[in-house]
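Colleague: turn this into a model:
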Amino acid sequence: MGDTNKEFEQIIAICRDLFTKKLKDYGASWRIMRPMSLTDQIYIKAKRVRTLEITNVAMVDEGIRPELIGIINYGIIALIQLEKGYSDTIDVTVDEALQLYEKYAKKALELMKAKNHDYNEAWRDMRMSSYTDFILTKVNRIKEIESHNGSTIVSEGIDANYLDIINYAVFGMIKLEFGIQNIEE
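Modeller: Numbering: from 1, shown residues only. Model prediction:
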């Protein structure tokens, strides 16, 4: 069995690298995105993963891996936007954006460690398609909470759902990167 904490950090390093390169290309252009738009961005990426899992046919020359990276990065961006609110301008520097990225990547890691302890690495025995379904479920929950202006009665908030989405996508990436399980199950 692998070292989940180390594997998690390796996956985040892959995602952070792409995030950093895009920051250098575009700046923090995502600062204009409202949280609902980020939820929809994660939704379309997860729907594409599901389609690829079901059909095994990609009309665009990108597979599941880049979609999972996108889900992780947009999940972190969504958490940043929840904290800062959206802006009409790019109002953070590259360094500030990277610090915020690190803050939420660490928060996701800490949550994963706690849940992984309690669930005893159960994610390793799950199918890739379950991660996709759980991500889509979390997105639908977020959409419902957003339609209630962010309030819940007894349920976790939007931020907790984004953190779970990040962690499910990281688990999928770990399986892909480290060959733990074939995606055709």
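Colleague: and the host helix or strand of K103, what's buried?
Modeller: Using DSSP states H and E, K103 falls within helix 94-119. Under the neighbour-count criterion of 16 or more other C-beta atoms under 10 Å, helix 94-119 has 97-98, 100-101, 104-105, 107-109, 112, 116 buried. Just so you know, the C-beta spots here come from the backbone N, C-alpha and C atoms, and that holds for glycine as well.
Colleague: packing partners of the helix or strand hosting I142?
Modeller: Using DSSP H and E, I142 sits in helix 128-147. The criterion is 3 or more C-beta pairs under 8 Å, 6 or more residues apart in numbering; DSSP states H and E, and the helices and strands that helix 128-147 contacts are helix 35-55, helix 158-177.
Colleague: quick check: pLDDT value at E185.
Modeller: For E185, the model assigns a pLDDT of 43.
Colleague: ugh, wrong one, I meant I44
Modeller: pLDDT at I44 comes out at 98.
Colleague: for it, which residues are in contact?
Modeller: Residues near I44 by C-beta atoms under 8 Å, 6 or more residues apart in numbering: none.
Colleague: how near is it to L98?
Modeller: As judged by C-beta to C-beta, to the nearest Å, I44 and L98 stand 25 Å apart.
Colleague: measure the spatially most central residue of the chain to E144 for me?
Modeller: By C-alpha atoms, centre = their mean, the chain has its centre lying nearest to I72, at 2.6 Å. I72 is 22 Å from E144, where distance means C-beta to C-beta.
Colleague: got the angle for the helix holding K103 vs helix 158-177?
Modeller: Per axes from the mean of the first three to the mean of the last three C-alpha atoms, to 10 degrees, the angle that helix 94-119 makes with helix 158-177 is 80 degrees.
Colleague: model confidence over helix 94-119, on average?
Modeller: Averaging pLDDT along helix 94-119 yields 96.
Colleague: go on, stretch 58-67?
Modeller: When pLDDT is averaged over stretch 58-67, the result is 89.
Colleague: can you give me the buried ones in it?
Modeller: Applying 16+ other C-beta under 10 Å to stretch 58-67 flags 64, 67 as buried.
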